[in-house]
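Chemist: Prediction below, plus the sequence it came from.
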Amino acid sequence: MEDDVDRLIAAWQRERPDMDVSPMHVLSRITRLALHLDRARKQAFADHDLETSEFDVLSALRRSGEPYQLSPGQLVQETLVTSGTVTNRVDRLVGKGLVQRLPDPADRRGVQVRLTGPGRVAVDGALDALLAHEQDLLVGLSREDAATLAQSLRVLSHPFDH
């Protein structure tokens, strides 16, 4: 079974036989798959009137457990963006009625961001749609193959996670 990456690699091997293009067998496939996954995520989120960046905030709140509330600083850590970016995202989500800002009882100057009922419905619906699509993508892999692939990708991504 030949794919686009095989054709790309063959062309590079023809044009640059002096180069070892073997990393492309893995990394070019990951890059192409990431593009397809990004499109699928955007569609799953758009179907629930969400941007990917909004889903990131909502899902961080949802994963935090009852009362689905985090400080802006915690949201920065969870979403890996700057505090200014978190503020802009929270502003949009407040405008949509999906989160609310509450005073921080431990710090009079601080705030907490809490998921609202409609926010929970939106994030749960978007997650359900995303997971259904992702299950479809993995249908060609056995559970064992999926577990092996997950472990290999864990090893590959580990240096970036710390």
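Modeler: Arrived safely.
Chemist: Send me the longest strand along the chain as CSV with only the CA atoms.
Modeler: The longest strand of the chain (DSSP state E) is strand 107-115. Output of strand 107-115 as CSV, limited to C-alpha atoms (Å, rounded to 0.1, in the frame of the first residue of the first chain):
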residue,chain,number,x,y,z
ASP,A,107,-7.9,36.7,46.8
ARG,A,108,-10.1,39.8,46.6
ARG,A,109,-8.1,41.0,43.5
GLY,A,110,-8.4,37.7,41.7
VAL,A,111,-11.0,36.0,39.7
GLN,A,112,-12.1,32.4,39.0
VAL,A,113,-13.4,31.2,35.6
ARG,A,114,-16.3,28.8,35.9
LEU,A,115,-18.0,26.7,33.3
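Chemist: In this structure, mark out all the helices, start to finish.
Modeler: Applying DSSP state H to the chain gives helices spanning 4-15, 23-46, 52-63, 72-79, 83-95, 117-137, 143-157.
Chemist: Chain neighbours aside, what residue packs nearest to the most centrally placed residue in the chain?
Modeler: By Cα atoms, centre = their mean, the chain has its centre lying nearest to D56, at 6.9 Å. Spatially, and ignoring its direct neighbours in sequence, D56 is nearest to T79 (4.8 Å; Cβ to Cβ, 6 or more residues apart in numbering). Where C-beta positions appear, they are placed from N, C-alpha and C, glycine not excepted.
Chemist: do G125 as well
Modeler: H48 (4.8 Å).
Chemist: what do you get for D49?
Modeler: Using Cβ to Cβ, 6+ apart and skipping the chain neighbours, the partner closest in space to D49 is A122 (7.0 Å).
Chemist: I'd guessed the one you found sits against D47; true?
Modeler: No: using Cβ atoms under 8 Å, A122 is not in contact with D47, being 10.5 Å away.
Chemist: neighbour count winner among those two?
Modeler: Using other Cβ atoms under 10 Å as the criterion, A122 and D47 rank with A122 on top: 24 against 12.
Chemist: State the distance from the more buried one to L37.
Modeler: From A122 over to L37 the distance is 20 Å, taken as Cβ to Cβ, to the nearest Å.
Chemist: cool, and H48?
Modeler: Going from H48 to L37 by Cβ to Cβ gives 17 Å.
Chemist: who's more crowded, the two?
Modeler: Neighbours were counted for H48 and for L37 using other Cβ under 10 Å; H48 has more, 19 against 14.
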